[in-house]
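A.B. asks: Attaching a predicted model along with its sequence, questions to come.
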Amino acid sequence: LFTFMANWNDFIGPLIYLSDKDQFTLAIGLYGFLSRVRTEWGPLMAASTIMISPVIILFFFTQRTFIQGITMTGIK
């Protein structure tokens, strides 16, 4: 789950390797919502919610295994 989240939210790697705007990732697309003059927070938050939705859905399906792994690390 952590590896998936790290790759899903990666910003610098795709920014360095991708030059075509059609191939940009969602994290780079979110950065496009920011501006130096005025930031529209409504569309930025809507896009952020859409971007985080697959991670939340994945957590719901893997929650039992995730919690079990955390509890087993504390048992000696």
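C.D. replies: Arrived safely.
A.B. asks: in what helix or strand does V37 lie?
C.D. replies: According to DSSP states H and E, V37 maps onto no helix or strand at all.
A.B. asks: Of all the residues in the strand or helix carrying M72, which ones are buried?
C.D. replies: Assigned by DSSP H and E, M72 falls within helix 41-73. Going by neighbour count (16 or more other CB atoms under 10 Å), the buried part of helix 41-73 is M51. From N, CA and C alone the C-beta is placed, and that goes for glycine too.
A.B. asks: Which strands or helices does that helix pack on?
C.D. replies: Helix 41-73 sits against helix 2-8, helix 26-31, with contacts defined as 3 or more CB pairs under 8 Å, 6 or more residues apart in numbering; DSSP states H and E.
A.B. asks: Report the spatially closest residue to the residue nearest to the spatial centre of the chain, excluding sequence-adjacent ones.
C.D. replies: Centroid check for the chain by CA atoms, centre = their mean gives N9 as the closest residue, at 3.6 Å. The spatially closest residue to N9, leaving aside those adjacent along the chain, is A27, at 5.6 Å (CB to CB, 6 or more residues apart in numbering).
A.B. asks: Kindly provide the distance from the one you found to T65.
C.D. replies: Using CB to CB, to the nearest Å, we find A27 at a distance of 26 Å from T65.
A.B. asks: got it, and T71?
C.D. replies: 11 Å.
A.B. asks: ok, now L34?
C.D. replies: Per CB to CB, L34 is found 36 Å from T65.
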